[in-house]
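Engineer: build the 3D model from these lines:
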Amino acid sequence: NTAISVVLNLNLPAYQNLQNVNGWVYIDEQGSGTSGFIVVRTNNGFNIYDRNAPHLCPDSNTTLQVVDNIKIVCPKDNAMWILLSGVPTNIAEVSPKMYFYNYDSSSDVLTIYN
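Structural biologist: Numbering: from 1, shown residues only. This is a model prediction of the structure:
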């Protein structure tokens, strides 16, 4: 458990993918935990997933990755989750850890916290 506090200005080119539903980005900056996040825009807002595999203790090769823009995969054991929902589909029985957020649509600023 690490303090999480990240502010993203979605107007910046680095976050252009988050302007559309199904768009996602990796976030790896100060305040984003030990392995960073996967931020995905959904029909109802955003999901922010921790990139640490939820079913394995931190180990080598356990940082979650997005594959084919539809699934999240653990490279160590090929566990899989649906990108838009975090629902496990292979090996793991738990969803990735998710973080709270506040989105200000008038300024297009996304604040992520725990």
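
Engineer: quick check, central residue of the protein?
Structural biologist: Residue closest to the average C-alpha location in the chain (Cα atoms, centre = their mean): I38, at 2.1 Å.

Engineer: now do the helices in the protein.
Structural biologist: Remark: no helices are assigned in the chain by DSSP state H.

Engineer: now the strands: where do they sit in it?
Structural biologist: 5-9, 24-27, 37-42, 45-50, 65-67, 71-73, 80-82, 88-90, 100-104, 109-113 (DSSP state E).

Engineer: show me what counts as buried in the fourth one.
Structural biologist: Buried residues in strand 45-50, defined by neighbour count with 16 or more other Cβ atoms under 10 Å: F46, N47, I48, Y49, D50. Backbone N, C-alpha and C define where each C-beta goes, glycine included.

Engineer: same thing with the first one?
Structural biologist: Within strand 5-9, the residues that count as buried by 16+ other Cβ under 10 Å are V6, L8.

Engineer: residues making contact with that strand?
Structural biologist: 15, 18, 27, 29, 31-32, 37, 39, 107-113 (Cβ atoms under 8 Å, 6 or more residues apart in numbering).

Engineer: mind listing the strands that strand pairs with, and their directions?
Structural biologist: strand 109-113 (antiparallel) (DSSP bridges).

Engineer: what is the orientation angle of the strand it pairs with with strand 45-50?
Structural biologist: 40 degrees (axes from the mean of the first three to the mean of the last three Cα atoms, to 10 degrees).

Engineer: list the buried residues in strand 109-113.
Structural biologist: Neighbour-count burial for strand 109-113 [16+ other Cβ under 10 Å]: L110, I112.

Engineer: can you lay out the strands of the chain as CSV showing mean pLDDT and distance to P58?
Structural biologist: As requested, the strands of the chain are exported to CSV (pLDDT from 0 to 100; distance: least, Cβ to Cβ, whole Å):
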stretch, mean pLDDT, distance to P58
strand 5-9, 97, 20
strand 24-27, 98, 17
strand 37-42, 98, 15
strand 45-50, 97, 11
strand 65-67, 98, 15
strand 71-73, 98, 17
strand 80-82, 98, 18
strand 88-90, 97, 19
strand 100-104, 98, 22
strand 109-113, 97, 20
